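Colleague: kindly return the folded structure for what I paste below:
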Amino acid sequence: MNTLAKRLLLVATLCLPLTANLVQAQHREVIDNSIYNDVPFEMPKVQQPSFPALSVNIKDFGAKGDGVTLNTQAINDAIKEVNSKGGGTVVIPEGLWLSGPIELLSNVNLYTERNSLVLFTDDFDAYPIISTSFEGLETRRCQSPIWARNAENIAITGYGAFDGAGDSWRPVKKEKLTASQWSKLVKSGGVLDEAKKIWYPTAGSLKGALACKNFNNPEGIETDEEWNEIKPWLRPVLLNIVKSKKVLLEGVTFKNSPSWCLHPLSCEDITINNVKVFNPWYSQNGDALDLESCKNALIINNIFDAGDDAICIKSGKDEDGRRRGEPCQNVLVKNNVVLHGHGGFVVGSEMSGGVKNIYVADCTFLGTDVGLRFKSTRGRGGVVENIFINNINMINIPNEPLLFDLFYGGKAPDELTEADKNRKPALMPVTIETPAFRNIHISNVTCKGAGRAMFFNGLPEMPIQNVTVKDVVITDAAEGAVISQADGVTLENIHIQAAKGATVELKSAKNIKVEGVFYKEIDAKGKSINKK
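Modeller: The predicted model follows:
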């Protein structure tokens, strides 16, 4: 080889790593600081992770993208290698990569190339039972397919997709399938409950369901043998990141989660940007995003299609949540689209640690059961305050575009019976277990197609307090708005087109202002006690 050729080869060799790093850098989006301009409270800029230039490919650790080879060790070895060297990027290239649980470690960016698909195995044995928190309670569940704990400076970025094999885990209600779909599901195996209305993937899954009296957390299960027997019931969330800082999810797709899809818990400085989440609409507990007890978060430019609530803000449940005492705070939710879900944007019902300083803007909900959904119940405690919502567009909302329900009992909106809807509130003493919702401001909402236009349903001992709703247009609604158990509600420039009933019905409320008219007190029958 002549001297010139050697020099050219040397230059090319030196440039390869640099070129690769430049390509990686180009895939990272820059968060425009103008996004903070209209936030109506002091919002710290969310810190973004950064990574050294080191980059490795999972194929170099023995991974095979054939959809057959189990790549759990290869992917985790690549992450450990990069972490041990101070950080960098682990590349998942094009291919179908079968894997068990993946642990994210500090200073590692898991980067997915176009046409890369990570499919998590449906072998229950690959997911050990661990102590964790689910639905706001300390309990035991199976290890999540993607997880991190006490990590810092971590990311999942790129263009790839992660499939959680959720159909192997989830129970399915007969009412949510067509007759042919139900018949096919039953013939595939599994077991039915006594009423033959719910399908479970295994007998152990059914046993776990029967042990649950408090949402989905089993009771009376003591020994490891008993826990292992109900393992298929202990459905993990697809992604669980706990007590971590500077977390980024960007560009990727998450789908088909066994339970909730994305669950950041007790994290600080988290960004979820340009992510897509897809769960079947019939998926039990198939929430898209549950941001729990997190501080400083951006939820921006995403698409969510969920089997349960879509964008949900939480902070623990009852005594467990109050003991943790970590509010979810300083959260910006902007430029998101929700295609399906029990609620488009939701606070609760697990909010015992408190929720404050949340700004939701420029979001679109297309056919969610409820639009803006605030829910809790006695026993929670906690304070939800300083919530600001602006510029929301919705269509085809079968229930309420705006709902406050402080008598939430764990049912989806389409599962409520007449008895549920006509619960008679009795006055109870105010204690640490009494939830409070206050200082909530909603403006510039447009909805075409709705059930009841609005429903405020506070507690007699703790009404919903200081809520302003202005510049709202709701057309093609079945019923008008109902404001009950509220104190200090202002409705301004509200246009409701309802098929029946009053446009706005007031009852059991105080200090209500509707289009400039002030009502000091309204009794349970809707009669004004004092008006001025």
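
Colleague: if I read this right, Leu105 contacts Asn83, doesn't it?
Modeller: Yes - here Leu105 reaches Asn83: they are 4.0 Å apart, a contact under Cβ atoms under 8 Å. The C-beta positions use only the backbone N, C-alpha and C, and glycine is treated the same way.

Colleague: in the chain, which residue is closest to the centre?
Modeller: With distances taken as Cα atoms, centre = their mean, the residue of the chain nearest its centroid is Leu289 (1.9 Å).

Colleague: contacting residues around the closest residue to it other than its chain neighbours?
Modeller: Spatially, and ignoring its direct neighbours in sequence, Leu289 is nearest to Leu262 (4.6 Å; Cβ to Cβ, 6 or more residues apart in numbering). Counting by Cβ atoms under 8 Å, 6 or more residues apart in numbering, Leu262 touches Val237, Leu238, Leu239, Leu249, Phe254, Ile272, Val275, Val277, Ala288, Leu289, Asp290.

Colleague: okay, those in CSV with secondary structure and pLDDT next?
Modeller: What follows is these, written out as CSV (DSSP: H, G, I helix; E, B strand; the rest coil; pLDDT from 0 to 100):
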residue, secondary structure, pLDDT
Val237, coil, 98
Leu238, coil, 98
Leu239, strand, 98
Leu249, strand, 98
Phe254, strand, 98
Ile272, strand, 98
Val275, coil, 98
Val277, strand, 98
Ala288, coil, 98
Leu289, strand, 98
Asp290, strand, 98
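
Colleague: narrow those residues to those that are buried.
Modeller: Among the contacts of Leu262, those classed as buried by 16 or more other Cβ atoms under 10 Å are Val237, Leu238, Leu239, Leu249, Phe254, Ile272, Val275, Val277, Ala288, Leu289, Asp290.

Colleague: any chance of those residues in JSON lines, plus distance to Gly516?
Modeller: Shown next, in JSON lines, are the buried ones among the contacts of Leu262 (distance: Cβ to Cβ, whole Å):
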{"residue": "Val237", "distance to Gly516": "47"}
{"residue": "Leu238", "distance to Gly516": "49"}
{"residue": "Leu239", "distance to Gly516": "48"}
{"residue": "Leu249", "distance to Gly516": "45"}
{"residue": "Phe254", "distance to Gly516": "47"}
{"residue": "Ile272", "distance to Gly516": "41"}
{"residue": "Val275", "distance to Gly516": "43"}
{"residue": "Val277", "distance to Gly516": "42"}
{"residue": "Ala288", "distance to Gly516": "39"}
{"residue": "Leu289", "distance to Gly516": "39"}
{"residue": "Asp290", "distance to Gly516": "40"}
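
Colleague: and Ala209, what helix or strand is that in?
Modeller: Using DSSP states H and E, Ala209 sits in helix 203-210.

Colleague: quick one: buried residues of that helix?
Modeller: Gly204, Ser205, Leu206, Lys207, Gly208, Ala209.

Colleague: pLDDT (mean, whole number) over that helix?
Modeller: Helix 203-210 shows a mean pLDDT of 95.

Colleague: check which helices and strands it sits against.
Modeller: When contacts are defined as 3 or more Cβ pairs under 8 Å, 6 or more residues apart in numbering; DSSP states H and E, helix 203-210 sits against strand 191-192, strand 198-200.

Colleague: what would those look like in JSON lines with mean neighbour count, distance to Asn357 and mean pLDDT?
Modeller: Shown next, in JSON lines, are the helices and strands packed on helix 203-210 (neighbours: other Cβ atoms under 10 Å; distance: least, Cβ to Cβ, whole Å; pLDDT from 0 to 100):
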{"stretch": "strand 191-192", "mean neighbour count": "15", "distance to Asn357": "46", "mean pLDDT": "97"}
{"stretch": "strand 198-200", "mean neighbour count": "21", "distance to Asn357": "40", "mean pLDDT": "97"}
